[in-house]
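A.B. asks: Below are the sequence and a predicted model; questions follow.
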Amino acid sequence: MDSPYYENSETFARFFIKNDMKYLMLILYDHASNDWRDVISGKIRVSAAIFTGAFVPSQRWMQSVIPNSTLFVYSKAEQGDHFLAFKNPLKFTKDLQQFLGR
């Protein structure tokens, strides 16, 4: 909760979205236990915007195998973590608009 934007979005989500932990755990397990490299390197054939903070090596690889992709790296000061779109929505929106406008 180190960003007022993130605090606002989390409060909104807690109020309106009712999650079932059983299904959330199944989805997380499925996502984390799969090797997505074949999908990323062989099936994405459209321009892609890749947003990241700390996990730069894997995202740099993604940019190298996805044609016409653009990598946006956010520093810690720019809230560059897993929730960067929620924590820094103004920069995220600006960068996404730039990508979509090209």
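C.D. replies: Right, received. Where do you want to start?
A.B. asks: now the helices for this structure?
C.D. replies: Taking DSSP state H, the helices of the chain run over residues 4-16, 21-33, 37-42, 56-65, 84-87, 89-101.
A.B. asks: Using CSV, lay out those together with mean neighbour count.
C.D. replies: All C-beta atoms are positioned from the backbone trio N, CA, C, and that covers glycine. Putting those into CSV (neighbours: other CB atoms under 10 Å) gives the following:
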stretch, mean neighbour count
helix 4-16, 12
helix 21-33, 9
helix 37-42, 12
helix 56-65, 14
helix 84-87, 20
helix 89-101, 13
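A.B. asks: Dump the ones you listed to CSV, plus distance to residue 73 and mean pLDDT.
C.D. replies: Compiled in CSV, the helices of the chain are given as follows (distance: least, CB to CB, whole Å; pLDDT from 0 to 100):
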stretch, distance to residue 73, mean pLDDT
helix 4-16, 19, 71
helix 21-33, 22, 92
helix 37-42, 18, 94
helix 56-65, 6, 93
helix 84-87, 10, 85
helix 89-101, 10, 95
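A.B. asks: among these, which is nearest residue 78?
C.D. replies: Among the helices of the chain, helix 89-101 comes nearest to residue 78, with 6.1 Å by CB to CB.
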